[in-house]
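Enquirer: dropping a prediction and its sequence here:
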Amino acid sequence: MEVKTVGDLLRKLRVERGMKQRKLAALLGISTNQVSSWELDKSKPTPDESMKLSELLGPTMS
C-alpha cells in the first residue's frame, strides 16, 4: 500500500498490526466512524488521540 496521506499511514499501521477499526476505536474510546473518518482523511486525530495512536501503533506516528 502506498502511503500518501495521514489516513493512509493510519490504515497501513493498523492493518500491519492485524487490528480492525472496531478494535482500534475501542482501545481509543472513540467510535468506529471516527477511525474511518481519519483513514479517509475527512478529519484528523486530536493531539491527545495522536499520542494514544503512537502508543498503540508504534513509534512511526510520533
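Expert: Yes, it's here.
Enquirer: for the rest of this, base every contact and every neighbour count on C-alpha atoms.
Expert: Will do.
Enquirer: what residue lies at the spatial centre of the chain?
Expert: residue 10 (4.0 Å; C-alpha atoms, centre = their mean).
Enquirer: contacts for the strand or helix carrying that one?
Expert: Using DSSP states H and E, residue 10 sits within helix 6-16. Contacts with helix 6-16, where a contact means C-alpha atoms under 8 Å, 6 or more residues apart in numbering, come from 1-3, 20-21, 24, 38-41, 57.
Enquirer: which among these gets closest to residue 30?
Expert: residue 24 (8.6 Å; C-alpha to C-alpha).
Enquirer: which stretches of this protein form strands?
Expert: Using DSSP state E, no strands are found in the chain.
Enquirer: low pLDDT regions in it?
Expert: For the chain, residues meeting the criterion pLDDT under 70 lie at 1, 59-62.
Enquirer: find the nearest non-adjacent residue to residue 40, please.
Expert: In space, and not counting its chain neighbours, residue 40 is closest to residue 7: 5.7 Å by C-alpha to C-alpha, 6 or more residues apart in numbering.
Enquirer: what does residue 52 give?
Expert: residue 28 (7.0 Å).
Enquirer: if we can go back for a sec, just the CA coordinates of the helix holding residue 10, formatted as CSV?
Expert: Provided in CSV are the C-alpha atoms of helix 6-16 (Å, rounded to 0.1, in the frame of the first residue of the first chain):
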residue,chain,number,x,y,z
VAL,A,6,-2.0,10.6,7.3
GLY,A,7,-5.1,8.4,6.7
ASP,A,8,-3.2,6.0,4.5
LEU,A,9,-0.5,5.7,7.2
LEU,A,10,-3.0,5.1,9.9
ARG,A,11,-4.7,2.4,7.9
LYS,A,12,-1.4,0.8,6.9
LEU,A,13,-0.1,0.6,10.5
ARG,A,14,-3.5,-0.7,11.8
VAL,A,15,-3.6,-3.4,9.2
GLU,A,16,0.0,-4.4,9.8
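Enquirer: next, the buried residues of it.
Expert: 6-14 (16 or more other C-alpha atoms under 10 Å).
Enquirer: what's the answer for stretch 26-37, then?
Expert: For stretch 26-37, using 16+ other C-alpha under 10 Å, the buried residues are 32, 34-36.
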